[in-house]
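Colleague: Here's a sequence, model it:
(2 chains)
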Amino acid sequence: MTSSIVFAAIIVLSFGVALFSRHNHTKQDSRDFFTASSQFGGILVFLLTVGETYSIGSIMGFPAAAMHQGLPFIDWFLGYIVLAYPVGYFLNPLLWKAGKRYGALTFADLIKAHYQSRFLEICVTISAIFFLLPLGELQMAGLLATIAEFHWSISPLLVASGAALLTFSWLAFSGVRGPAFVSAIKDTIVIVAIVLIAVAVLHKSSWHALAAASRAMPLSTPQGNVYAITTIFTQAIGFCVAPQTIAFIFTAKSARTVRRNQIIMPLYMLMFPLLLLSALYADASGLKITGQNSVFITVASTLLPSWGFALVAAACTLSALVILAGICLSIGSLVTHNLIKNVPDNRQKFYAKIVITIYLAFSVYAAMHFSALMPVLTTVYYFGIVQLVPAILCMVLNLSVRPRFIAAGFIGGEIVSLSLGFFSIPTQGVNVGFIGLLLNAAIVTAAALMATSKFKSIKI
Amino acid sequence: MSSLFKVTVGLGIPFFAVLVPMPWLSSSPLTIGGFPAALIWLFICLPLTSLCMALAWMSERHDPQGEE
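Modeller: Alright, predicted model coming up:
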């Protein structure tokens, strides 16, 4: 009973905070709805952009996968996130400047403005929407696994619908300001929850038992190392060009804010060693784990008092919903701003809300019916997103490459990556997104070398 | 400071630190304080990466207007 009350109080608080975030911004145009009119200072931009680090996938998936797959998984998972930050340190300010130069709301606006190609704009927009689609279901699945631990007699459909309604209300009232402000609560609770569990683990278990569990984790193989290194490389740069990441960059007041934030982000990852403790404890104590990704939440329900468990469950729930809100905004802006042409500014927000409603309904439906298919589609997310890299790099470096070559590289890279992935063609451990990216980069580089126009000087 | 210095320190060192020892450490039973050395090294790389970016940040001149 206590856990349900604490959990409900935090969820109601999140709604109140989202409502408060529209204070002084009651009349939002589409720019304010999607990018907060680029008014966010360092803290809000930090909370938005770092949010992906502690998504529900990380909080629940990291301990579970670390427990089952050991070092090969930990290597690539932590490796790509930590290296995405230095890539972002150099790339993100350039994206912010390009966004300001072109008055962009979405990453596809940058592509359209730089390459002057409607075909390329549509290609990257459709591709981004396709790869973002399964991520909503992923958040819903994590959320349902969390709520199941309360053993309420409520159907999963009702829980998922309630979560969709809450997310929609944040966005409908406040646009991007809603998830940004809720992120402040979410991140505070996530940190408290992880520290609580780590303290409980260290109290209940001996250091030697945890160390022994860590030594029992599988070691990497030569093929595993190839996979880890190519995946780290692919996903570290893919992380920085993800449509929702670029949209969050556009909310910042200045390029300096964007760059300075990147410096602190790796320190924010110091929660991962504590998250790992929950997996080591489960292994060392032989704890019975029911669900595939339930290690963290099961350890929480075993070791913490009911209010502590509620805090952990609320942290997982808000993590899922904040990420879901970011995806909704990205898809909403891509459809109303890039896919459909000439929507008047005063109607874009309205149409975006319709698109967001449809997407949330799809995510709920997918969570009920396609739960086996969606994780497969999620694994191809970075294969596809990373193919934007050559187009984005040519844009921020002001390289003159014809749009037809950018499109050829992009489409070629996607076809190769997806074909290798879907048909499980052996690649000796090389990440298939990496292979597609090499082909993509080769096409674009050859075109760039052939182009007569060369660099304009840029300041890194 | 030159752009080459900033890129080497801010980007090159973190990539080198994470990727180069990984194949050897992750396949090795070497431990530090009872925990796999690969794990300890990866966790050391977190503050190291922040430090590298901080050095790159300190080496550049910053526009007081903040847009750079």
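
Colleague: For the rest of this, base every contact and every neighbour count on C-alpha atoms.
Modeller: OK.

Colleague: Centre-most residue in the chain?
Modeller: You didn't pick a chain, so chain A it is. By CA atoms, centre = their mean, the mean C-alpha position of chain A lies nearest to residue A:52, the distance being 4.2 Å.

Colleague: please go with chain B instead
Modeller: For chain B, the residue nearest the mean C-alpha position is residue B:14 (2.7 Å; CA atoms, centre = their mean).

Colleague: Contact partners for that one?
Modeller: A:83, A:86, B:45, B:48, B:49, B:52 (CA atoms under 8 Å, 6 or more residues apart in numbering or on different chains).

Colleague: Could you identify the buried members of those?
Modeller: Among those, those scoring as buried are A:83, A:86, B:45, B:48, B:49, B:52 (criterion: 16 or more other CA atoms under 10 Å in any protein chain shown).

Colleague: between the residues you listed, which is nearest residue A:322?
Modeller: Taking CA to CA as the measure, residue A:322 lies nearest residue A:83 of these, at 23.2 Å.

Colleague: secondary structure class for the closest one?
Modeller: Following DSSP: H, G, I helix; E, B strand; the rest coil, residue A:83 is assigned to helix.

Colleague: show me what contacts residue A:66?
Modeller: Contacts here follow CA under 8 Å, 6+ apart; on that basis residue A:66 touches A:73, A:74, A:276, A:279.

Colleague: top of these by neighbour count?
Modeller: The residue in the contacts of residue A:66 with the most neighbours, by other CA atoms under 10 Å in any protein chain shown, is residue A:279 (26 neighbours).

Colleague: From chain B, how far off is that one?
Modeller: The gap separating residue A:279 from chain B is 14 Å, by CA to the nearest CA, to the nearest Å.

Colleague: tell me which element the residue lying closest to that residue once chain neighbours are set aside is part of?
Modeller: For residue A:279, ignoring the flanking residues on the chain, the nearest one in space by CA to CA, 6 or more residues apart in numbering or on different chains is residue A:63 at 5.0 Å. Assessed by DSSP states H and E, residue A:63 sits inside helix A:56-69.

Colleague: Any buried residues in that helix, and which?
Modeller: A:56, A:57, A:58, A:59, A:60, A:61, A:62, A:63, A:64, A:65, A:66, A:67.

Colleague: Sketch out the low-pLDDT regions of the chain for me.
Modeller: Let's take chain A. Residue ranges of chain A with pLDDT under 70: A:24-26, A:370-379, A:451-460.

Colleague: Wait, chain B was what I had in mind.
Modeller: Chain B contains residues with pLDDT under 70 at B:1, B:62-68.

Colleague: ok, which residues in chain B are in contact with chain A?
Modeller: Residues of chain B that fall close to chain A, judged by CA under 8 Å from any CA of the partner chain: B:3, B:10-11, B:14-15, B:18-19, B:22-23, B:26-29, B:34-36, B:38-39, B:42-43, B:46-47, B:49-51, B:53-54, B:57, B:66-68.

Colleague: who touches the helix or strand hosting residue A:434?
Modeller: Here residue A:434, judged by DSSP H and E, is contained in helix A:432-450. For helix A:432-450, the external contacting residues (CA under 8 Å, 6+ apart) are A:230-231, A:233-234, A:382-384, A:386-387, A:390, A:399-402, A:405-406, A:408-410, A:412-418, A:420-421.

Colleague: so what's the residue of the stretch 51-200 of chain A found nearest chain B closest to, chain neighbours aside?
Modeller: Nearest residue of the stretch 51-200 of chain A to chain B, counting by CA to the nearest CA: residue A:86, 5.5 Å away. With CA to CA, 6+ apart as the criterion, residue A:86 has its nearest non-adjacent residue at 5.5 Å, and that residue is residue B:11.
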